[in-house]
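Visitor: model the structure of this input:
(chains A and B)
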Amino acid sequence: DVKVTQSSRYLVKRTGEKVFLECVQDMDHENMFWYRQDPGLGLRLIYFSYDVKMKEKGDIPEGYSVSREKKERFSLILESASTNQTSMYLCASREPQGAPETQYFGPGTRLLVL
Amino acid sequence: AQSVTQLGSHVSVSEGALVLLRCNYSSSVPPYLFWYVQYPNQGLQLLLKYTSAATLVKGINGFEAEFKKSETSFHLTKPSAHMSDAAEYFCAVSDRTGNQFYFGTGTSLTVIP
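Guide: Next up is the predicted model:
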């Protein structure tokens, strides 16, 4: 089974702090994704990465950056956290090209910015 | 551009009753379609997926969905609801590259004993 883990389940930070959310997958997937989930808005894609050191903006990249130094690890960075970034953050990993496209999700990190 | 619309943000059914969660999509190319379930305080788990094979797709936990191109729909059904089905359900569409998934806003299912 694919396993996608996220470093924290719950996180509380103060406005202006730099925040790192870590995601690790153990199936050698090339593609990894960061979403945020908000009530009534569903999941919205922040960034995705299709290879080491490669990244692409999703629908709502403002206020976020990402890092992919190793294939198994994809980090989401909030350079200066703001209260409107309080949300549930979900990381996902995708099967290799040629397989039916399916994303596997981590358990999520619930971030509260005070 | 692709998008997904889930009709009804909250659905309540009695235990043993039919579950019907609605999803309509828009896509300019043949899409891949997915249903995910999210239990409280957990990530999303794949229920089933349509990838242009059989139009009736069977998933885990007794759920199934039918792809209807003429109606641009991919509704999720289960003949008999169980208490453990209470969760939030998301419909999603992607193009063939899979680089962009578009999720619906979710439907929260309540099962009444």
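
Visitor: residue ranges in chain B under the pLDDT threshold?
Guide: B:1, B:98-99 (pLDDT under 70).

Visitor: got the residue ranges for the strands in it?
Guide: Counting by DSSP state E, chain B has strands at residues B:3-7, B:10-14, B:19-26, B:32-38, B:44-50, B:56-58, B:64-68, B:73-78, B:87-94, B:101-103, B:107-112.

Visitor: do chain A as well
Guide: Going by DSSP E, chain A shows strands at A:4-6, A:10-13, A:19-25, A:31-38, A:42-51, A:54-57, A:65-70, A:73-78, A:87-94, A:103-105, A:109-113.

Visitor: now mean neighbour count and distance to residue B:30 too, for these, in JSON lines please.
Guide: In this view, the C-beta of every residue, glycine as well, is placed from N, C-alpha and C. Shown next, in JSON lines, are the strands of chain A (neighbours: other Cβ atoms under 10 Å in any protein chain shown; distance: least, Cβ to Cβ, whole Å):
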{"stretch": "strand A:4-6", "mean neighbour count": "18", "distance to residue B:30": "28"}
{"stretch": "strand A:10-13", "mean neighbour count": "14", "distance to residue B:30": "40"}
{"stretch": "strand A:19-25", "mean neighbour count": "19", "distance to residue B:30": "28"}
{"stretch": "strand A:31-38", "mean neighbour count": "23", "distance to residue B:30": "21"}
{"stretch": "strand A:42-51", "mean neighbour count": "20", "distance to residue B:30": "21"}
{"stretch": "strand A:54-57", "mean neighbour count": "14", "distance to residue B:30": "23"}
{"stretch": "strand A:65-70", "mean neighbour count": "15", "distance to residue B:30": "30"}
{"stretch": "strand A:73-78", "mean neighbour count": "20", "distance to residue B:30": "29"}
{"stretch": "strand A:87-94", "mean neighbour count": "23", "distance to residue B:30": "19"}
{"stretch": "strand A:103-105", "mean neighbour count": "23", "distance to residue B:30": "19"}
{"stretch": "strand A:109-113", "mean neighbour count": "18", "distance to residue B:30": "34"}
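
Visitor: lowest average pLDDT across these?
Guide: Note on the strands of chain A: lowest mean pLDDT is at strand A:103-105, with a mean of 87.

Visitor: would JSON lines of the strands of chain B with distance to chain A be doable?
Guide: Listed next are the strands of chain B as JSON lines, based on distance: least, Cβ to the nearest Cβ, whole Å:
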{"stretch": "strand B:3-7", "distance to chain A": "8"}
{"stretch": "strand B:10-14", "distance to chain A": "11"}
{"stretch": "strand B:19-26", "distance to chain A": "12"}
{"stretch": "strand B:32-38", "distance to chain A": "5"}
{"stretch": "strand B:44-50", "distance to chain A": "4"}
{"stretch": "strand B:56-58", "distance to chain A": "11"}
{"stretch": "strand B:64-68", "distance to chain A": "14"}
{"stretch": "strand B:73-78", "distance to chain A": "15"}
{"stretch": "strand B:87-94", "distance to chain A": "6"}
{"stretch": "strand B:101-103", "distance to chain A": "4"}
{"stretch": "strand B:107-112", "distance to chain A": "10"}
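
Visitor: now render these as a markdown table, adding distance to residue A:103 and mean neighbour count.
Guide: Converted to a markdown table, the strands of chain B look like this (distance: least, Cβ to Cβ, whole Å; neighbours: other Cβ atoms under 10 Å in any protein chain shown):
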| stretch | distance to residue A:103 | mean neighbour count |
| --- | --- | --- |
| strand B:3-7 | 14 | 17 |
| strand B:10-14 | 24 | 14 |
| strand B:19-26 | 17 | 18 |
| strand B:32-38 | 8 | 23 |
| strand B:44-50 | 8 | 20 |
| strand B:56-58 | 17 | 13 |
| strand B:64-68 | 17 | 18 |
| strand B:73-78 | 17 | 20 |
| strand B:87-94 | 8 | 24 |
| strand B:101-103 | 6 | 24 |
| strand B:107-112 | 19 | 16 |
